[in-house]
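Participant: Coordinates only, no sequence provided:
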């Protein structure tokens, strides 16, 4: 799930930059607030709109026996894409704190044989995470783009929070 993955990414970046404790606290606090708020905003929106998934539409309109091949479809509403909301919120927060062009290497899933993965920016990683949900057939394009917009909105509010410095 995105929250744990983004916390892992932030922890790796903090370690790689030998960040002082006050920087660690700010990064993890802002990221944690953004991820929590993104989750709340996303799930509230999902049940306000209650839109069907691509598989449901395809089975109702085009081919009743069709089954997605890449992954199982989650049993909750389509809009917005949770991966899109959370990844966009996380990337916007980390981009604001490290710069829009901050490249990084993600070692989170090395133990699964999926890494290391290098990205040119936090935004590029978030874009990949968001689009993967459409590619897998579990979201429509508007669920992805709507989720990305919602994530950026959440991040803007989190970044506007005043944090007290020691």
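Facilitator: Now that the structure is in, tell me what you want to look at. All values reported here derive from a predicted model rather than from experimental measurement.

Participant: what sits up against the lowest-mean-pLDDT helix or strand in the chain?
Facilitator: Across the helices and strands of the chain, mean pLDDT, DSSP states H and E gives its lowest value to helix 54-57, namely a mean of 88. Contact partners of helix 54-57, identified using CB atoms under 8 Å, 6 or more residues apart in numbering, comprise 66, 67, 68, 73, 78, 137, 138, 139, 140. C-betas here are computed from N, CA, C, even on glycine.

Participant: I'd like to know which of those residues is nearest to residue 103.
Facilitator: Among the contacts of helix 54-57, residue 139 lies closest to residue 103 (CB to CB), at 27.3 Å.

Participant: what about residue 72, helix or strand, and which?
Facilitator: Using DSSP states H and E, residue 72 sits within no helix or strand.

Participant: helix, strand or coil for the residue nearest the centre of the chain?
Facilitator: Computing the C-alpha centroid of the chain and ranking residues by CA atoms, centre = their mean puts residue 87 first, at 1.7 Å. Of the three states, residue 87 takes helix under DSSP: H, G, I helix; E, B strand; the rest coil.
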